[in-house]
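>>> Pasting the sequence and the predicted coordinates here, then a few questions.
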Amino acid sequence: MTRSEPPTVASAIAFPAVQPPGYEWLDDEPIFDPAAHLEIRPPAAVTTLAELGYSEDEICPTATAAAFSEPFRILSDVGAGVLLDVARRLRPFAAPAGDRIQHTVRGGCYRSRWLRDLCLSPEVTDVMAGIYGTDVAPHTMPLHLGHLNFEPTEVGEAVDKWHHDTLPLDFVMMVSDPAGLPGGRFEVFLGTKAEAAALAATGERPSPERVLAPEFGGPGWAIALHGNMVVHRGAPLDAPAERITMVNGYVALDRSRDDQSRSRDLIGVDDPAVLATEWARHVAWRGVGRLQGLVDDLPFGLGAAEAADRLEEAVCDVERAIRDMRTEPPPIEHYET
């Protein structure tokens, strides 16, 4: 028995009712059952952007002042087993993400109902909102839901190079068991993006004393990230081994904050027939919210120039997306060029 419709959840944009062309559902999947598949234990500690060295001016426009949480449990043992099986079944769809990740699966929530329902889970979304201290929803672009990363072919190659994410908020979950894994640690740079860029400009990497490798309790454990602000990577393996992680994205429902997306990096990575539609819907959602804010709250007494500035700010995400869609994209960004 399978569930054909996604679960009801407070969302920014409803998950599409139909699959894109060329996508088929996996067969013989269990139905996602929160009572059986979740065992949520919220984190006790969250590191802030200020603790990483960001200024108040840099933090203010972002979705949240949170940087990353300590690892915390999301899935039960049963749920972790189902996710591992789903990830292995989706592995044949893996492709490179530029020169940053060798093997990644995007759009998995258009192929696995179980993965889709986990990624849209209101129980998990509520925990993420509590960590961030702001209302969030599963990402408006389903390509950012249930993203899977797999180990590279060559030992010694980073699973995912030092980078900051193309989306604002997400968690990184261990799918395979991290216990006894030869290398392949998830690592966080204890500094800012500007500091990471300065190191990269001179061919340097973060020094060990400025790198944190959190200890995950097992498969189904995750770390919440302010991914667009926290520089992180999947370190190289020291020997051949299966290493799988899952990344699930979120958006802040407060659309007055900066978008913090870099969707142009996804051109050439994601299915173009899916990306263009999702990207346009996302920026349209943000634009509608910001314009509605003007309808509701724009005061009397503004001059024409200030009113024009407010309008321009409301549609800045739409204008930027139009420019990015119409120009040749740069190589995908990371700190190991």
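Cool, the structure landed.
>>> Tell me which other helices or strands the biggest helix by length in the chain touches.
Ranked by number of residues, the top helix in the chain under DSSP state H is helix 272-297. Using 3 or more C-beta pairs under 8 Å, 6 or more residues apart in numbering; DSSP states H and E, the elements in contact with helix 272-297 are helix 304-314, helix 316-326. Every residue, glycine included, has its C-beta placed from N, CA and C.
>>> For the stretch 151-300 of the chain, just list every one of the strands.
160-163, 169-174, 186-189, 211-212, 221-225, 232-234, 244-252 (DSSP state E, counting those that start in this stretch).
>>> In a markdown table, list those along with mean neighbour count.
Output for the strands of the stretch 151-300 of the chain, formatted as a markdown table (neighbours: other C-beta atoms under 10 Å):
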| stretch | mean neighbour count |
| --- | --- |
| strand 160-163 | 22 |
| strand 169-174 | 26 |
| strand 186-189 | 22 |
| strand 211-212 | 16 |
| strand 221-225 | 24 |
| strand 232-234 | 23 |
| strand 244-252 | 26 |
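>>> Please convert these to TSV, extending it with mean pLDDT.
Output for those, formatted as TSV (pLDDT from 0 to 100):
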stretch	mean pLDDT
strand 160-163	95
strand 169-174	98
strand 186-189	98
strand 211-212	98
strand 221-225	98
strand 232-234	96
strand 244-252	98
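>>> Could you export these as TSV, including distance to residue 308?
Output for these, formatted as TSV (distance: least, C-beta to C-beta, whole Å):
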stretch	distance to residue 308
strand 160-163	36
strand 169-174	31
strand 186-189	40
strand 211-212	45
strand 221-225	36
strand 232-234	39
strand 244-252	26
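>>> Can you tell me the SS state at the residue lying farthest from the centre of the chain?
Most distant from the centre of the chain: residue 301, at 40.9 Å, with distances by C-alpha atoms, centre = their mean. Under DSSP: H, G, I helix; E, B strand; the rest coil, residue 301 falls in the coil class.
>>> Tell me which of the helices and strands packed on helix 272-297 approaches residue 268 most closely.
Shortest distance between residue 268 and these, using C-beta to C-beta, is found for helix 316-326: 12.6 Å.
>>> name the helices or strands packed onto that closest one?
Against helix 316-326 (3+ C-beta pairs under 8 Å, 6+ apart) you get helix 272-297.
>>> what's the angle from the helix it packs on to strand 244-252?
Computed with axes from the mean of the first three to the mean of the last three C-alpha atoms, to 10 degrees, the direction of helix 272-297 lies at 30 degrees from that of strand 244-252.
>>> which stretches of the protein have low pLDDT?
For the chain, applying pLDDT under 70 flags the ranges 1-10.
>>> which residues in it form helices?
34-37, 49-52, 56-59, 77-90, 113-119, 122-132, 193-201, 272-297, 304-314, 316-326.
>>> isn't residue 146 right next to residue 112, touching?
Yes. In terms of C-beta atoms under 8 Å, residue 146 counts as a neighbour of residue 112; the distance is 7.4 Å.
>>> if we can go back for a sec, tell me which of the strands of the stretch 151-300 of the chain sits nearest to residue 139.
Judging the strands of the stretch 151-300 of the chain by C-beta to C-beta, what sits closest to residue 139 is strand 244-252, at 3.6 Å.
>>> Could you check the angle that closest one makes with helix 77-90?
Going by the same axes, to 10 degrees, strand 244-252 makes 100 degrees with helix 77-90.
>>> Counting by contacts, list what strand 244-252 packs against.
If contacts are counted by 3+ C-beta pairs under 8 Å, 6+ apart, strand 244-252 sits against helix 77-90, helix 122-132, strand 136-138, strand 147-150, strand 169-174.
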